[in-house]
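Peer 1: Dropping a prediction and its sequence here:
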Amino acid sequence: MREPLSQAVQGLAPSGIRRFFDLASTMDDVISLGVGEPDFDTPWHIREEGIYALEKGRTFYTSNAGLSELRTEITKYLKRRFSLEYSPDEVFITVGGSEAIDIAFRVMLDPGDEVIIPEPCYVSYLPCVILAGGTPVRLPLDAGDQFKLTAEKLESAITERTKMVVLPFPNNPTGAVMTKYELQVIADIVKRHDLFVLSDEIYAELTYGDERHTSIASLPEMKERTVVINGFSKAFAMTGWRLGYAAAPVKILKQMIKIHQYVIMCAPTTSQYAAIEALRNGDSDVEMMRDSYDERRRFLVHELNGMGLTCFEPRGAFYVFPDIRSTGMSSEEFATKLLNEQRVAVVPGTAFGDCGEGFLRISYAYSIENLKIALDKIKDFVDTKKKM
């Protein structure tokens with residue numbers, strides 16, 4: 001019998017995040033700091049709107065692009081929170097941000113087109129580029145730059161075949177953010193080389209300090225070159241509702257919707273009605289959750305540095321990325337032994353690219369109480385290894 005499987009699919013490595021999560025799920029009494037999922041319940045008024053939609057019988061397909069009412073609310077939200085000017089025709093609703101990422105690559109790439117992917121980063125970009133027929137160009141970022149994309153790094157990766165640059169900021173797994181000034185430098189390079197940007201802004205609401213998130217699409221002459229990816233999972237604690245969206249020029253968006261028509265039809269109707277409520281009345285929920293994450297963030301960074309696991313201060317998302325090279329262990333070895341010996345699950349930095357070697361991703365989307373217990377166990381583990 002002939003080989004039933006695609007060579008491209010067989011060549012993809014499984015997610016390193018899920019591997020540790022699945023392993024931890026088979027063990028008793030594990031404190032998992034590995035999965036990037038808010039520990040908050042979806043705010044009640046949002047859940048209530050979803051329930052009401054079901055009670056009203058709103059269980060039919062929506063338009064392929066999503067409810068007009070929701071797309072309108074998204075445009076208001078993007079303008080209010082991030083100074084982004086979009087019309088409802090420039091927004092469409094997807095099954096999570098991941099679908100939007102996948103479709104954007106499939107719409108924009110031809111065989112041989114190169115996509116620069118700064119690493120460490122979210123695990124889906126590289127396989128989605130490959131499945132779209134493009135060529136991923138992995139660009140290792142440096143801890144010395146707090147894992148930000150610099151002009152020198154970007155210029156070094158651009159070739160005559162480069163078409164797109166992924167901007168994964170605020171960053172999963174490092175928590176790095178790009179300031180408006182830093183983004184302007186990148187934007188100038190993008191325009192000079194006639195490139196496009198996929199800007200994954202799913203953590204846009206989760207930034208800390210005085211300077212809020214800036215979208216590269218808000219900079220002069222960048223809206224027409226950018227596909228903005230966002231969603232409701234992280235900011236509104238709506239992971240299981242599976243709802244995201246893309247904002248892009250109509251020329252790009254129409255083709256994205258065409259693929260969406262064939263493979264998805266529309267995003268879940270109940271989730272869309274709940275999302276309208278989230279955007280209209282959820283700003284205070286976002287602020288409350290962000291304040292809580294900020295408290296955990298500062299606590300975690302202080303404690304990790306105190307035990308000798310150097311950790312720069314992340315300014316976004318809900319992850320820290322401590323340097324564990326002082327222990328003499330690789331990321332994989334550290335994470336595996338910590339799980340087996342202390343029942344604490346974290347993710348090796350290598351799950352997010354080879355340049356993540358020597359680092360761990362630790363999520364602080366967990367209660368302070370659980371973080372304290374986990375940190376005590378990590379400290380015991382590190383102290384024990386130092387004595388050996």
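Peer 2: Yes, it's here. The shown structure was predicted, so the numbers you read here are calculated from the model rather than taken from an experiment. Numbers count the residues shown, from 1 in each chain.
Peer 1: Under the pLDDT cut-off, which ranges of this protein? List them.
Peer 2: The chain contains residues with pLDDT under 70 at 16, 18, 20-21, 23-25, 387-388.
Peer 1: Please enumerate the strands of it.
Peer 2: Per DSSP state E, the chain carries strands over the ranges 31-32, 91-94, 114-119, 135-140, 162-167, 196-200, 226-231, 244-247, 319-320, 344-345, 347-348, 360-363.
Peer 1: nearest to residue 148, of the ones you listed?
Peer 2: Evaluated over the strands of the chain, closeness to residue 148 peaks at strand 114-119, with 8.7 Å, by C-beta to C-beta. Bear in mind the C-beta positions are built from the backbone N, C-alpha and C, glycine included.
Peer 1: circling back: could you redo the strands of the chain as CSV and give each row distance to residue 293 and mean neighbour count?
Peer 2: Shown next, in CSV, are the strands of the chain (distance: least, C-beta to C-beta, whole Å; neighbours: other C-beta atoms under 10 Å):
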stretch, distance to residue 293, mean neighbour count
strand 31-32, 17, 20
strand 91-94, 25, 27
strand 114-119, 23, 24
strand 135-140, 27, 18
strand 162-167, 22, 24
strand 196-200, 19, 24
strand 226-231, 17, 27
strand 244-247, 20, 26
strand 319-320, 10, 28
strand 344-345, 19, 23
strand 347-348, 18, 28
strand 360-363, 10, 27
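Peer 1: Now distance to residue 8 too, for the ones you listed, in JSON lines please.
Peer 2: Shown next, in JSON lines, are those (distance: least, C-beta to C-beta, whole Å):
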{"stretch": "strand 31-32", "distance to residue 8": "31"}
{"stretch": "strand 91-94", "distance to residue 8": "23"}
{"stretch": "strand 114-119", "distance to residue 8": "15"}
{"stretch": "strand 135-140", "distance to residue 8": "12"}
{"stretch": "strand 162-167", "distance to residue 8": "19"}
{"stretch": "strand 196-200", "distance to residue 8": "20"}
{"stretch": "strand 226-231", "distance to residue 8": "23"}
{"stretch": "strand 244-247", "distance to residue 8": "24"}
{"stretch": "strand 319-320", "distance to residue 8": "30"}
{"stretch": "strand 344-345", "distance to residue 8": "30"}
{"stretch": "strand 347-348", "distance to residue 8": "25"}
{"stretch": "strand 360-363", "distance to residue 8": "27"}
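Peer 1: Out of those, which gets nearest to residue 65?
Peer 2: Using C-beta to C-beta, the strands of the chain put strand 91-94 closest to residue 65, at 4.2 Å.
Peer 1: partner strands of that closest one, parallel or antiparallel?
Peer 2: Sheet pairing of strand 91-94 (DSSP bridges) gives strand 244-247 (antiparallel).
Peer 1: In CSV, list the C-alpha atoms belonging to the partner strand.
Peer 2: The C-alpha trace of strand 244-247 is given here as CSV (Å, rounded to 0.1, in the frame of the first residue of the first chain):
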residue,chain,number,x,y,z
GLY,A,244,-10.3,35.1,17.5
TYR,A,245,-10.2,37.6,14.7
ALA,A,246,-8.0,39.1,12.0
ALA,A,247,-7.9,42.7,11.0
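Peer 1: sorry, back to before: closest to residue 217 out of the strands of the chain?
Peer 2: strand 226-231 (4.1 Å).
Peer 1: contact partners of the closest one?
Peer 2: With contact meaning C-beta atoms under 8 Å, 6 or more residues apart in numbering, strand 226-231 is reached by 78, 84, 94, 96-97, 100-101, 104, 108, 196-202, 204, 215-217, 243-248, 252.
Peer 1: Of all the strands of the chain, which one is nearest residue 381?
Peer 2: Set against residue 381 and scored by C-beta to C-beta, the strands of the chain come closest in strand 344-345, at 7.7 Å.
Peer 1: Which neighbouring elements make contact with the closest one?
Peer 2: In terms of contacts (3 or more C-beta pairs under 8 Å, 6 or more residues apart in numbering; DSSP states H and E), strand 344-345 is packed against helix 16-25, strand 31-32, helix 331-342, helix 368-387.
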